[in-house]
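Sharing a model that was predicted from the sequence below.
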Amino acid sequence: GQQLNQSPQSMFIQEGEDVSMNCTSSSIFNTWLWYKQDPGEGPVLLIALYKAGELTSNGRLTAQFGITRKDSFLNISASIPSDVGIYFCAGQSGYALNFGKGTSLLVTP
Amino acid sequence: NAGVTQTPKFQVLKTGQSMTLQCAQDMNHEYMSWYRQDPGMGLRLIHYSVGAGITDQGEVPNGYNVSRSTTEDFPLRLLSAAPSQTSVYFCASRNSLGGYNSPLHFGNGTRLTVT
């Protein structure tokens, strides 16, 4: 599959801080998606981006589809303890959905 | 509102045993897929199906078989389990009618250990 480079691998922050993570690829994607996975559960979709340059918000989350269609970032503002989990980016081209290796987020009160 | 349902949630197998991981969705999604998740590896596609009677290989298909006799069900078979197949398996589906841009919906996973 096409390789997605997701960074950082992990983050350890204090409640109230903003968080930023990103994904890059050598391939072009038609869709970028961001998922969150809580322990013992499957990934849940946070934000879907369908157009190059698109900037989309979902509450405290903001994500952008890079102009080159090869990258995307996710920002979380004013983090809270329930933001803890693993965040995955995914790029979609045709039927295939390629995932990054995830960013593990820990938030301390 | 079940979504994607996977059974069992946990399974322990001995090397060489066979088993089937079940996946069912009630959203009338045409596309269904199986992923495995290993530490540090993210999610890797095993097999997928774009409709009943149609299946295709993903990134890591070896050691797994699938079939799609109905729209709702997409079982994953391990014919002879190996320790390398110890993993968490996720089934996911999406509506293809919206084109390639419809997002995936995941089940809660099956945690498989092969000893």
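Now that the structure is in, tell me what you want to look at.

Tell me how many other residues crowd residue 59.
Since no chain was named, I'll use chain A. 9 (other C-beta atoms under 10 Å in any protein chain shown). Using the backbone N, CA and C atoms, a C-beta is placed for each residue, glycine as well.

I was thinking of chain B, sorry if that wasn't clear
Residues near B:E59, counting by other C-beta under 10 Å: 15.

cool, and the one 10 residues further on?
Neighbour count of B:S69, defined by other C-beta under 10 Å: 10.

and the nearest residue to it once chain neighbours are set aside, how many neighbours?
Excluding the flanking residues, the one nearest B:S69 by C-beta to C-beta, 6 or more residues apart in numbering or on different chains is B:A52, at 6.6 Å. Applying other C-beta under 10 Å, we find 16 residues neighbouring B:A52.

Spell out the residue ranges of the helices in chain B.
Counting by DSSP state H, chain B forms no helices at all.

Any residues of it in contact with chain A? List them.
Counting by C-beta under 8 Å from any C-beta of the partner chain, chain B comes close to chain A at B:4, B:31, B:33, B:35, B:40-45, B:48, B:50, B:56, B:58-59, B:90, B:92, B:100-101, B:103-109.

Go through chain B and flag its longest strand.
strand B:42-51 (DSSP state E).

List the strands paired with it, with their directions.
strand B:31-38 (antiparallel), strand B:54-57 (antiparallel) (DSSP bridges).

now, of these, which is deepest in the fold?
strand B:31-38 (a mean of 24; mean count of other C-beta atoms under 10 Å in any protein chain shown).

hang on, the earlier thing: any chance of the strands paired with strand B:42-51 in a markdown table, plus mean pLDDT?
Formatted as a markdown table, those follow (pLDDT from 0 to 100):
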| stretch | mean pLDDT |
| --- | --- |
| strand B:31-38 | 95 |
| strand B:54-57 | 94 |
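
from chain B, which residue is nearest to chain A?
Nearest residue of chain B to chain A: B:F106, at 3.3 Å (C-beta to the nearest C-beta).

burial of whichever residue of chain A sits closest to chain B, as a residue count?
In chain A, the residue that lies nearest chain B is A:G42 (3.3 Å; C-beta to the nearest C-beta). Residues contacting A:G42 under the criterion other C-beta under 10 Å number 23.

bridging residues for the residue nearest to it when sequence neighbours are not counted?
Closest residue to A:G42 apart from its sequence neighbours, by C-beta to C-beta, 6+ apart: B:F106 at 3.3 Å. Taking DSSP bridges as the rule, B:F106 bridges to B:A92.
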